[in-house]
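Visitor: Could you work out the structure for the sequence below:
(chains A, B, C and D)
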Protein chains: 2
Amino acid sequence: MRAKRPRPRRHVTIRDVARAAGVSVSTVSASINHTDYVSAAMRTRIQTAIERLHYRPNDLARGLRLQHTRTIAVVVPDLSNSFYTEIVQGLEDYAGAVNYTLLIGDSRERATEESKYLDSFHRRRVDGVVRIPAIDARGVESAAVLGSIPVVYADRFFRTSRVKKSGVGCVGVNNAEAAFDATRYLLGLGHRRIGIIMGPATVLTAAERLAGYSRALRSSRLSVNADLVRVADNQMLGGHREAIELLTRPDRPTAIFCTNNMMTLGALQAIQELKLKCPKHVSLLGFDDFYWATLLRPRITMVRQPAREIGMTAARVLIDFIEGHNGMKSEHFLPTTLMVRESCCPPPRRPLSAKERRSS
Amino acid sequence: MRAKRPRPRRHVTIRDVARAAGVSVSTVSASINHTDYVSAAMRTRIQTAIERLHYRPNDLARGLRLQHTRTIAVVVPDLSNSFYTEIVQGLEDYAGAVNYTLLIGDSRERATEESKYLDSFHRRRVDGVVRIPAIDARGVESAAVLGSIPVVYADRFFRTSRVKKSGVGCVGVNNAEAAFDATRYLLGLGHRRIGIIMGPATVLTAAERLAGYSRALRSSRLSVNADLVRVADNQMLGGHREAIELLTRPDRPTAIFCTNNMMTLGALQAIQELKLKCPKHVSLLGFDDFYWATLLRPRITMVRQPAREIGMTAARVLIDFIEGHNGMKSEHFLPTTLMVRESCCPPPRRPLSAKERRSS
DNA sequence: CCATGCTACCGTATCGTTTCGACATTTTTC
DNA sequence: GAAAAATGTCGAAACGATACGGTAGCATGG
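Guide: Purely as a prediction, here's the structure:
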């Protein structure tokens, strides 16, 4: 009886409101928007009609007519990673404050998924997008899939994304410096064999962190041992695999530096499985702090990125560009802080191997 | 020079494509959609024009004309809680598979924020929404803010949301049963004083979990002690506060049951701060398992909800309704599992207080 | 008294699609 | 070989909102 017509009720339109209030549509529209030139009496009359009918303007029609949607979008690589949800919250906060809506896409580190979202955003005619590319995505093709929609990159950059015209801005941290400081900290504790588990170097972000690590090593007259730099996929599993790899070799490192939070977790799991004590046997230094990091035992020392601020800044840069406040493309590098907790201590004493003696 | 006209390039339209291919717009449209009635030669000619111009259909215009958007939306109370991001992923997976797009809103447990999202979804004319209400939201008002857009509730229900016409479906777990089983488990270990930290009882979900807890107690001829049931705000801080409360009283419980994951974390933190050993001094049993739960020491025993499946089912129910496959409203209760790990053991022996003797 | 300037409205073109009926062609059928 | 049917393409009318030009009505001023 009821199922024959699945979508029965039409949405109420501005015309319904106009009819109900006994005025023309243009007056209703004027009353809703730039409220000038409509008398107070008329305004309340229209308002009551709107409320009685539960009228909501159709943003599809609105966007079509206006040629803008007051909407920005973001693609993140992994929504279950709290680092990215924090960025999203920053985005949301800024966008909400200036009356923009945020659309969210989760590419799950797959370039194809990412393109699907970018495409969808393009078809929805969002006013701009902030992009945190998937690791296997190339940096350039924004323009191809997004047309003339402005893009700002956050957190991850490609070699091209800074200089070329593909984006209108990028915001993140000074990765080389952060990694340099972190490695120096380990060095200062006395570590000489420091492993690094990093993300794919196709992403500039990871490459820069490696560069910072290398520079720190060199600043202590140490050379970087290629066997101790492992690259994984930024996930827990990958971090776990590479940590096992690192820790089961005869001359295992006395400290491990992981360049993101998931891999840090994986490494911690590996250490636990191997029945090693952290930090007594191995020190662990992570990246991308998270709110429950202090619940872990040991509490992990990490370099913290100001994720929420990254989001806010990205939103600001993007919206400024959209509204033409400044046509310039801009780069923003926010400061990181090393959260010293308990997962790092001086390395265990043991006879130095020949190789170690040589390099120290 | 360049800043005078902020958004210079118009988007390419179907008319541009038609002109480029030397055909009419209707032919292009036919070629893009129900591909019948257009010759192969014509189709490729149009296709190359589309690719050359990077044409993307305007979904605003499309939705306006079609009166549907192939889009569903979800409001979750807290995107940084992995339980909800898992639900979102389930939603995304199902929706993506049947070619729907998902819009995501994060109410951060505030009813006003939630309404803002619901409103925004309404104005965007999404085809349906799945709602996980904020704790301080009443259950009924969906219709008021969403008009005729169908809603399915997930995870959290209100007294009204099941029976009344406010939703077209609801999917979650059998909360009473899950809490009953969990409490029985603690009882089986020998616990007699079991504290519970629950969410606000305005949400049926929390009330049902309390009911399950109470029933389990009564099944062991124990009465529920009002001092041992604490209600918090579902956040880490609240769980922490109530756990401290519970654990610093003279006749402290030997076990604590938390009805969501954040409060479990807060309780764990409280236990650590109080220098109590878990499970030696207090057993801890949580709700809503998460992927890094095994990294915590002790590994926490939790009742796991099939979050991803909840999402998938909610999406299925909603989309089935939208497409009129079945006009019936439906309820789905998925099974939970108790993940037994190391945070629960028999209670410490100690002289029973007078009160305890009486109740056992 | 007419030109002018307000105020408070209204009619209509437009945004980019899809749909539907119309219209040529070509093919099939008696 | 003509009628009927199928095929391939096009023109025009929506969808719901906003912007723009128009237009009454009235007051003001020289």
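
Visitor: buried residues in stretch A:36-56?
Guide: A:38, A:42, A:45-46, A:49-50, A:53, A:55-56 (16 or more other CB atoms under 10 Å in any protein chain shown). Yep, even glycine has a C-beta here, placed from its N, CA and C like the rest.

Visitor: Among the residues you listed, which lie within strands?
Guide: Using DSSP state E, no member of the buried residues of stretch A:36-56 sits in strands.

Visitor: I'd like these laid out as JSON lines, including distance to residue B:92 and pLDDT.
Guide: Below are these laid out as JSON lines (distance: CB to CB, whole Å; pLDDT from 0 to 100):
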{"residue": "A:38", "distance to residue B:92": "43", "pLDDT": "84"}
{"residue": "A:42", "distance to residue B:92": "45", "pLDDT": "88"}
{"residue": "A:45", "distance to residue B:92": "44", "pLDDT": "92"}
{"residue": "A:46", "distance to residue B:92": "40", "pLDDT": "92"}
{"residue": "A:49", "distance to residue B:92": "39", "pLDDT": "93"}
{"residue": "A:50", "distance to residue B:92": "34", "pLDDT": "93"}
{"residue": "A:53", "distance to residue B:92": "34", "pLDDT": "92"}
{"residue": "A:55", "distance to residue B:92": "31", "pLDDT": "93"}
{"residue": "A:56", "distance to residue B:92": "25", "pLDDT": "94"}
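
Visitor: show me what contacts residue A:130?
Guide: Counting by CB atoms under 8 Å, 6 or more residues apart in numbering or on different chains, residue A:130 makes contact with A:72-75, A:91, A:151-154, A:314-315, A:318.

Visitor: Bridge partners for it, pull those for me.
Guide: Taking DSSP bridges as the rule, residue A:130 bridges to residue A:74, residue A:152.

Visitor: And it, how close does it get to DNA strand C?
Guide: 24 Å (CB to the nearest atom of the strand, to the nearest Å).

Visitor: And that residue, what's its pLDDT?
Guide: pLDDT recorded at residue A:130 is 96.

Visitor: before we move on, the earlier item: can I get the buried part of the contacts of residue A:130 as one PyMOL selection?
Guide: Entered in PyMOL, the line below selects the buried ones among the contacts of residue A:130, by 16+ other CB under 10 Å:
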select buried, chain A and resi 72+73+74+75+91+151+152+153+154+314+315+318
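
Visitor: can the contacts of residue A:130 go into a markdown table with extra columns for distance to residue A:18 and pLDDT?
Guide: Formatted as a markdown table, those follow (distance: CB to CB, whole Å; pLDDT from 0 to 100):
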| residue | distance to residue A:18 | pLDDT |
| --- | --- | --- |
| A:72 | 32 | 97 |
| A:73 | 33 | 97 |
| A:74 | 37 | 98 |
| A:75 | 40 | 97 |
| A:91 | 37 | 98 |
| A:151 | 40 | 92 |
| A:152 | 41 | 93 |
| A:153 | 45 | 93 |
| A:154 | 44 | 95 |
| A:314 | 41 | 97 |
| A:315 | 36 | 97 |
| A:318 | 36 | 95 |
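
Visitor: Return only those of the buried residues of stretch A:36-56 found close to DNA strand C.
Guide: Among the buried residues of stretch A:36-56, proximity to DNA strand C is found for A:38, A:42 (CB under 7 Å from any atom of the strand).

Visitor: Export the buried residues of stretch A:36-56 to TSV and append columns for distance to residue B:86.
Guide: Converted to TSV, the buried residues of stretch A:36-56 look like this (distance: CB to CB, whole Å):
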residue	distance to residue B:86
A:38	49
A:42	50
A:45	49
A:46	45
A:49	43
A:50	39
A:53	39
A:55	36
A:56	31
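
Visitor: Pipe the buried residues of stretch A:36-56 into CSV and attach distance to DNA strand D per row.
Guide: As requested, these are arranged in CSV below (distance: CB to the nearest atom of the strand, whole Å):
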residue, distance to DNA strand D
A:38, 11
A:42, 14
A:45, 17
A:46, 11
A:49, 13
A:50, 10
A:53, 11
A:55, 7
A:56, 7
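
Visitor: Select the helix or strand of chain A having the lowest average pLDDT value.
Guide: helix A:354-359 (a mean of 46; mean pLDDT, DSSP states H and E).

Visitor: Just the closest of the contacts of residue A:130 to DNA strand C, please.
Guide: Taking CB to the nearest atom of the strand as the measure, DNA strand C lies nearest residue A:73 of the contacts of residue A:130, at 18.1 Å.

Visitor: Go ahead and confirm the closest one touches residue A:101.
Guide: No - counting by CB atoms under 8 Å, residue A:73 does not reach residue A:101; the two are 9.2 Å apart.

Visitor: Apart from its neighbours in sequence, what residue is nearest residue A:184?
Guide: residue A:216 (4.9 Å; CB to CB, 6 or more residues apart in numbering or on different chains).

Visitor: residues near that neighbour, how many?
Guide: Neighbours of residue A:216 under the rule other CB atoms under 10 Å in any protein chain shown: 24.

Visitor: And it, its phi and psi?
Guide: With angles defined as degrees, to the nearest 10, residue A:216 sits at phi -60, psi -50.

Visitor: show me what contacts residue A:224?
Guide: A:213-214, A:217-218.

Visitor: what about 10 Å?
Guide: Shown in contact with residue A:224 (CB atoms under 10 Å, 6 or more residues apart in numbering or on different chains): A:194, A:196, A:210, A:213-218.

Visitor: Tell me the pLDDT of whichever residue of the stretch 201-350 of chain A sits closest to DNA strand D.
Guide: In the stretch 201-350 of chain A, the residue found nearest to DNA strand D is residue A:323; the distance is 14.8 Å by CB to the nearest atom of the strand. Here, the pLDDT recorded for residue A:323 equals 91.

Visitor: Quick check: it touching residue A:72?
Guide: No - taking contacts as CB atoms under 10 Å, residue A:323 lies outside contact range of residue A:72: 11.4 Å.

Visitor: Identify the contacts common to these two.
Guide: Common neighbours of residue A:323 and residue A:72 (CB under 10 Å, 6+ apart) are A:127-128.

Visitor: so which of the contacts of residue A:224 would you say is closest to chain B?
Guide: Chain B lies nearest to residue A:196 out of those, by CB to the nearest CB, at 21.1 Å.

Visitor: tally of neighbours for that closest one?
Guide: Residue A:196 has 28 neighbouring residues, counting by other CB under 10 Å.

Visitor: Confirm that it sits in a strand.
Guide: Yes - under DSSP: H, G, I helix; E, B strand; the rest coil, residue A:196 sits within a strand.

Visitor: Relative to residue B:37, how far out is it?
Guide: Note on residue A:196: its distance to residue B:37, by CB to CB, to the nearest Å, is 60 Å.

Visitor: State the distance from residue A:72 to chain B.
Guide: Residue A:72 sits 13 Å away from chain B, going by CB to the nearest CB, to the nearest Å.

Visitor: got a list of what that residue touches?
Guide: Neighbour list for residue A:72: A:91, A:94-95, A:100-103, A:121, A:126-130, A:149-150, A:152, A:314-315, A:318-319, A:322 [criterion: CB under 10 Å, 6+ apart].

Visitor: So which of the buried residues of stretch A:36-56 are in helices?
Guide: A:42, A:45-46, A:49-50, A:53 (DSSP state H).

Visitor: could these be laid out in JSON lines, adding distance to residue A:231?
Guide: Formatted as JSON lines, these follow (distance: CB to CB, whole Å):
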{"residue": "A:42", "distance to residue A:231": "67"}
{"residue": "A:45", "distance to residue A:231": "67"}
{"residue": "A:46", "distance to residue A:231": "62"}
{"residue": "A:49", "distance to residue A:231": "63"}
{"residue": "A:50", "distance to residue A:231": "58"}
{"residue": "A:53", "distance to residue A:231": "59"}
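
Visitor: Go back to those residues and keep what's next to chain B.
Guide: Checking those against chain B by CB under 10 Å from any CB of the partner chain, the ones in range are residue A:53.

Visitor: and residue A:14, what pLDDT?
Guide: 94.

Visitor: Now for it, how many residues are close by?
Guide: 17.

Visitor: List the residues that contact it.
Guide: A:25-26, A:28-29, A:32, A:50, A:55, A:57-58, A:61.

Visitor: nearest to residue B:235, of those residues?
Guide: Set against residue B:235, the nearest of those by CB to CB is residue A:57 (35.2 Å).
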